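Asker: Using only what follows, build the 3D model:
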Amino acid sequence: METTIVNSTPMYEKRWIALALLCTAQFMVIMDTSIIGVALPAIKTDLGYTQSGLQWIFNAYVILFGSILLLGGRLADLFGPRKIFMWGFVILSAASLMAGAAWSPEALNVARGLQGLGSALIAPASMTLLMTTFTDPKELGKAFGFWGAAAAAGGSAGVFLGGVITEWLNWAWVFYINIPVGLIVLAMSPKYLQASQRVRGKIDWLGSLLVTASLMILVYSIVAAESVGWISVQTIGLIALSILLFVLFVQTQKRSAFPLLPLSIFKVFNLAAGNISMALMAAAWIPLWFFLNLYLQQILKLNAFYSGLALLPMTITIMIVMVGVTGKLVGRYGYRKLLITGMLFLTASLILFSFAPVGGSFLVHVLPGSLLGALGMSLAYIPGTMAAMSGAKPEETGLASGIVNTSYQIGSALGLAIIAVIAATVTKSQTGTDTMDVVALNAGFRAAFMAAAVASAAGLLLASSKVKTAGN
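Answerer: Residues are numbered from 1 along each chain as shown. This next block holds a predicted model:
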C-alpha cells in the first residue's frame, strides 16, 4: 500500500489545534455507538420497533462502519486523509439530520447505516492525520494518550448525554447533537489540518462490494431467523449466499494488484488469534451494554436520565483504567496476562447479570457487575489490540490496525444479532410475544447475558491457549 505524502514541516506549528479536531472526531465516532442506548425504549415507542428489531439501530451503524473501514483507509491513502476526513463529516452530519427526523424504523436504520459510512471514512483518515502531524515520538505518544482519552470520554458522554437528552428534550436530539459539532469541524479543518498530495493507485471496488454485501446478508439472515426459522429455506439460502460472496471476496484479493485486504498479512503470527479474540470480546461487550440499557428501563423501570446515571460509573471506570492504568500494566506484565485477566473479569460480569431478577436493585444487581465488566474491558481491549498487531511489519501496521477495528465492529454486529435472536426466542417461548410480559422479557435478557458470557469465555480460552508474547 502506498504511503500518503503530507505537506508538513517536522514540527507543524498548529499540531495541537489539529489534535483537538482529531480527538473531537474520535469522540463523536465512539459517542455515536453509545448515545443511542438509553434512548432505545423511547425510540421503540415512537417509531414502532419490535423488541428484537431494536438491535438494527445499533447494527446498521456498526455493519457499515466495520465493513467499510478498510476501504476508508484506502481512500485516505489515495486521495489524502484531510479530504476523506472532511467528506466523512459531511456524510455523518447529513445522516444525523436524517436520523433525527426519521419517520419509521426503516428510515432510522438507513440513516444509522449512513452514519456508519461517515464514521468509516473519519476513523482511518483521522488516525493517518494524527501519525503524520506528530513526527516526534514523545509527542506522538502524548497525542495518542489524548486520543485514547477522547474515545473513553465519548463512551462516557454518550451514555450520560443520551439519558439527559432523551429525558429533557427528545430522542431525536441524540442525533441532532452531531450536526453543530460536525459543522465546526468542517469549518476548522482546512485551516488546521494539513493537506496531502494524492498518490497513485486504484480502489478495489469489487472487493469492497463483495465483503460489505457478505457481512450485511449474514447479519440479516441471523436476525430474520427468529421469525422464519433457523432451518428455513430463507435462512439457509442467505447464509449460503453470504459464504459464497465472502469466498469470491477472498479470490479477488488473491488476484487484485491493489487488494483491499492483502492476504499475506495473515502470515503474521498472532494476527488471526488476536483478531478472533477481539471479535469475541466485542460479541460479549456490546450485548452487555445493549441489554443492560434495556434491563434498567424495561425491568427496573428507570427513566432515561437515571438509566444514564446508572451506567456512568461503568464508563468512567473504563476512561480512568484504560487511559491511566492499562498501559503501565502492559509494560510490567505483558499483554497476554492482561488480556486473559480482562476477559476473565468480563466473563464473570456477564454471569452475574445472567441472574438479574425482575425485582432487582441498582446497588446489588447492576453496580457490581457493571464495574467488573468495565474493569475487564479496560484491561483487555488495549492488550487485545496489541496481540492482534504484534509481529506486523512497520509498513503493515496501518493495515493491521484496520483489520483489528474491522474485527471488533463485525464481532459487535454478529454477536448482537445472534444474542438478540436468543433473547427474543426465550421470551416468546414463555408468552408467545416479545413485548408484553416483564418476567418473560427478563428471562430473555438473562439468556442474552449468559450467551454473551459464552462468547467472552471462548475469547478467554483462545487468549489462554493461542496468543503468545515474548517474555511474558
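
Asker: Spatially central, which residue of the protein would that be?
Answerer: Against the mean C-alpha coordinate of the chain, by Cα atoms, centre = their mean, the closest residue is Gln409 at 4.5 Å.

Asker: show me what contacts the closest residue to that residue other than its chain neighbours?
Answerer: Nearest non-adjacent residue to Gln409, counting by Cβ to Cβ, 6 or more residues apart in numbering: Gly66, 2.7 Å away. C-beta: built from backbone N, CA, C; applies to glycine. Applying Cβ atoms under 8 Å, 6 or more residues apart in numbering to Gly66 gives the contacts Gly116, Ala120, Leu215, Asn405, Thr406, Tyr408, Gln409, Ile410, Ser412, Ala413.

Asker: Which residues are in contact with the second one?
Answerer: For Ala120, the residues meeting the contact criterion (Cβ under 8 Å, 6+ apart) are Leu64, Phe65, Gly66, Ser67, Ile68, Leu69, Leu71, Gly72, Gly88.

Asker: Test my guess that the fifth one contacts Gly116.
Answerer: Yes. With contact taken as Cβ atoms under 8 Å, Ile68 and Gly116 are classed as touching, separated by 7.5 Å.

Asker: okay, the two: which has more neighbours?
Answerer: Per other Cβ atoms under 10 Å, whichever of Ile68 and Gly116 has more neighbours is Gly116, with 29 against 25.

Asker: quick check, distance from the helix or strand where that one lies to the centre of its chain.
Answerer: In the assignment (DSSP states H and E), Gly116 maps to helix 105-133. The chain centroid and the centroid of helix 105-133 are separated by 11 Å, computed with Cα atoms, centre = their mean, to the nearest Å.

Asker: got a pLDDT number for the residue nearest to Gln409?
Answerer: Gly66 carries a pLDDT value of 71.

Asker: Show me what counts as buried in the helix holding Gly116.
Answerer: Within helix 105-133, the residues that count as buried by 16 or more other Cβ atoms under 10 Å are 105, 108-133.

Asker: same check, this time on stretch 284-293
Answerer: Neighbour-count burial for stretch 284-293 flags Ala284, Trp285, Ile286, Pro287, Leu288, Trp289, Phe290, Phe291, Leu292, Asn293 (criterion: 16+ other Cβ under 10 Å).

Asker: The first one and Leu460 touch, don't they?
Answerer: No. Judged on Cβ under 8 Å, Ala284 makes no contact with Leu460 at a distance of 9.6 Å.

Asker: Identify the contacts common to those two.
Answerer: Listed as contacting both Ala284 and Leu460 by Cβ under 8 Å, 6+ apart are Thr347.

Asker: Okay, domains of this protein per the record?
Answerer: As given by automatic domain parsing, the domain ranges for the chain are 11-201, 204-257, 267-465.

Asker: what ranges do the helices span in the stretch 51-200 of the chain?
Answerer: Taking DSSP state H, counting those that start in this stretch as the criterion, the stretch 51-200 of the chain carries its helices at 55-79, 81-100, 105-133, 137-168, 173-176, 178-192.

Asker: What's the mean pLDDT across the shortest one?
Answerer: Spelled out, it's helix 173-176. 88.

Asker: which other helices and strands contact that helix?
Answerer: helix 81-100, helix 137-168 (3 or more Cβ pairs under 8 Å, 6 or more residues apart in numbering; DSSP states H and E).

Asker: The first one - contacts with which helices or strands?
Answerer: The one in question is helix 81-100. Counting contacts by 3+ Cβ pairs under 8 Å, 6+ apart, helix 81-100 packs against helix 15-34, helix 55-79, helix 105-133, helix 173-176, helix 178-192, strand 196-197.

Asker: any idea which element the nearest residue to Val366 once chain neighbours are set aside lies in?
Answerer: The shortest distance from Val366 to any non-neighbouring residue, by Cβ to Cβ, 6+ apart, is to Ala310 (6.1 Å). For Ala310, the host element (DSSP H and E) is helix 304-324.

Asker: Now the element after that helix, going C-ward?
Answerer: helix 326-333.

Asker: then that next one to CSV, C-alphas only?
Answerer: What follows is helix 326-333 as a C-alpha-only set of coordinates in CSV (Å, rounded to 0.1, in the frame of the first residue of the first chain):
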residue,chain,number,x,y,z
THR,A,326,-3.6,-0.4,31.4
GLY,A,327,-0.6,1.0,29.6
LYS,A,328,1.6,0.7,32.7
LEU,A,329,0.3,-2.8,33.5
VAL,A,330,1.1,-3.9,29.9
GLY,A,331,4.7,-2.7,30.3
ARG,A,332,5.1,-4.7,33.6
TYR,A,333,3.2,-7.9,32.9
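
Asker: Which parts of stretch 413-432 count as buried, going by neighbours?
Answerer: Going by neighbour count (16+ other Cβ under 10 Å), the buried part of stretch 413-432 is 413-428, 431.

Asker: about what we covered before: what mean pLDDT does the helix holding Ala310 get?
Answerer: Mean predicted lDDT for helix 304-324 stands at 78.

Asker: just stretch 228-247 next, same as before
Answerer: Computed over stretch 228-247, the average pLDDT equals 89.

Asker: Would you agree Ser119 is in contact with Ile30?
Answerer: No. Using Cβ under 8 Å, Ser119 is not in contact with Ile30; the gap is 9.2 Å.

Asker: Now list whatever residues contact both of those two.
Answerer: Counting by Cβ under 8 Å, 6+ apart, nothing touches both Ser119 and Ile30.

Asker: Excluding covalently adjacent residues, which one is nearest to Gly369?
Answerer: Spatial nearest neighbour of Gly369, chain neighbours left out: Leu352 (4.0 Å); criterion: Cβ to Cβ, 6+ apart.

Asker: Oh, that last question was meant for Trp103, not what I typed.
Answerer: Take Trp103 and drop its neighbours on the chain: the residue closest to it by Cβ to Cβ, 6+ apart is Leu47, 7.8 Å away.

Asker: what sits against the one you found?
Answerer: Leu47 neighbours (Cβ under 8 Å, 6+ apart): Ala102, Trp103, Ser104, Pro105, Leu108.

Asker: right, and the pair among those residues with maximum separation?
Answerer: Largest separation among the contacts of Leu47 by Cβ to Cβ: Trp103 and Pro105, giving 9.5 Å.
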